[in-house]
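K.L.:
The sequence and its predicted three-dimensional model are supplied below.
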Amino acid sequence: MNKKFISIILVMVFFAFGANAQKKGEANYATKKDAINSTNPIYPSGLPGITTNYSKDVVFSEDFETGNLDAWTLYNEDGDAFEWRTLDYDGSPHGGSYFAASASFDNTAGILTPDNWLVSSAIILPAGTLNLEYWVGGMDQLYAAEHYALYISTTGNAVSDFTEVLLEETTGPTTENNGYWLKEIDLTDYSGQTVYLAWRHYNISDMFELILDDITITHEGIPGAPQAATDFVLTADDAGALTCDFAWTNPTLQQDENALTELTVELFIDDNPVAIFTDPTPDNIGGAISETGFDL
């Protein structure tokens, strides 16, 4: 099942570049300003407040809806017959039908002492701000104290490569989100690197199942790439014609990190394109730019 990020944007400005120009509606950099100032507001109390918002690129995602862990590496360090696997029990996924689980108790085998590793494939992290989100919990809310740690490696995917712990905790009961807790971790320190992630279920016994679902890494921006426009002012004349002023800082790079060759600015209101400005030969790379009296 695909997970989607939804953003409602009142006014959006984005940049496109040469042969790598993005299609309308696919901007990675959007803007809303705290408020629109107008010398002659078109609404009695002015327009709704506007806030800055950057859309996010999904770098990595896993919802386990394939029903298998073929894309993952598993290590069963305690040597029993139980390791990470996917399940589709009703009421237990965070979203969709499937989730990943590791047991500390089995109704047939009894008490288990897991040391089970779920290791991702190589994940290439682009430069910029990076955020990891995942959902984790205990399947049985009466036995929800499952212990686990999340590791990261930049050297390989063997157990011995995982020396850095991003988070270690014991889960607890919750009546929210089908028993899952949302975890968020900043991975910006690893931008521009190839990493592996590992969830280790260990140091616990006689609970039930650690459950994991909906893992996502999102990316915001590239150093030198465009940032949000600022100083947006919308003005209506007595006849109702609209113009706007806004400013931005020219990027130094395209989104693919190649040199900037062409700059396009598009203005959207309520997701509808209303204006476009193109500079085929930008000569103020990295410099401040402003547009006034932009006809809408």
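P.N.:
It's in.

K.L.:
which residue ranges form the helices in the stretch 51-200 of the chain?
P.N.:
Counting by DSSP state H, counting those that start in this stretch, one finds no helices in the stretch 51-200 of the chain.

K.L.:
Which residue ranges of the stretch 101-250 of the chain form strands?
P.N.:
105-106, 110-111, 116-119, 123-124, 129-138, 147-153, 164-170, 180-186, 194-201, 209-220, 230-236, 242-249 (DSSP state E, counting those that start in this stretch).

K.L.:
Identify the residues contacting A103.
P.N.:
F82, L112, P114, F208, E209, L210 (Cβ atoms under 8 Å, 6 or more residues apart in numbering). All C-beta atoms are positioned from the backbone trio N, CA, C, and that covers glycine.

K.L.:
now, which of those sits nearest F162?
P.N.:
Proximity of these to F162 (Cβ to Cβ) peaks at P114, which lies at 16.1 Å.

K.L.:
Tell me the confidence at the closest one?
P.N.:
On pLDDT, P114 comes in at 98.

K.L.:
surely it meets W199?
P.N.:
No: with contacts counted by Cβ atoms under 8 Å, P114 stays clear of W199, the gap being 11.5 Å.

K.L.:
For G96, give me its contacts.
P.N.:
Here G96 is in contact with M1, D63, F64, E65, D213 (criterion: Cβ under 8 Å, 6+ apart).

K.L.:
bridging residues for the last one?
P.N.:
Yep, that's D213 we're talking about. W135 (DSSP bridges).

K.L.:
just use 40 as the starting number from now, easier for me
P.N.:
That works, and once the first residue is 40, the last one we named lands at D252.

K.L.:
Contacts only, for it.
P.N.:
So D252 contacts D102, F103, P132, H133, G134, G135, F138, A139, Y173, W174, V175, Y219 (Cβ under 8 Å, 6+ apart).

K.L.:
cool, and L181?
P.N.:
Shown in contact with L181 (Cβ under 8 Å, 6+ apart): P212.

K.L.:
how about TSV for the contacts of A142, with distance to D179 and neighbour count added?
P.N.:
Shown next, in TSV, are those (distance: Cβ to Cβ, whole Å; neighbours: other Cβ atoms under 10 Å):
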residue	distance to D179	neighbour count
F121	16	18
L151	14	21
P153	15	28
F247	4	21
E248	7	26
L249	11	28
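
K.L.:
List just the nearest of those to T209.
P.N.:
Using Cβ to Cβ, the contacts of A142 come closest to T209 at L249, 10.1 Å.

K.L.:
From A161, how far out is that closest one?
P.N.:
24 Å (Cβ to Cβ, to the nearest Å).

K.L.:
Leaving out sequence neighbours, find the closest residue to L226.
P.N.:
L169 (4.0 Å; Cβ to Cβ, 6 or more residues apart in numbering).

K.L.:
and if you look at Y114?
P.N.:
Of all residues not flanking Y114 in the chain, W156 sits nearest, at 3.8 Å (Cβ to Cβ, 6+ apart).

K.L.:
D154 reaches R239, doesn't it?
P.N.:
Yes: between D154 and R239 a contact is recorded at 7.3 Å, counting by Cβ under 8 Å.

K.L.:
ok, the two, which is more surrounded?
P.N.:
Ranked by neighbour count (other Cβ atoms under 10 Å), D154 and R239 place R239 first, with 25 against 18.
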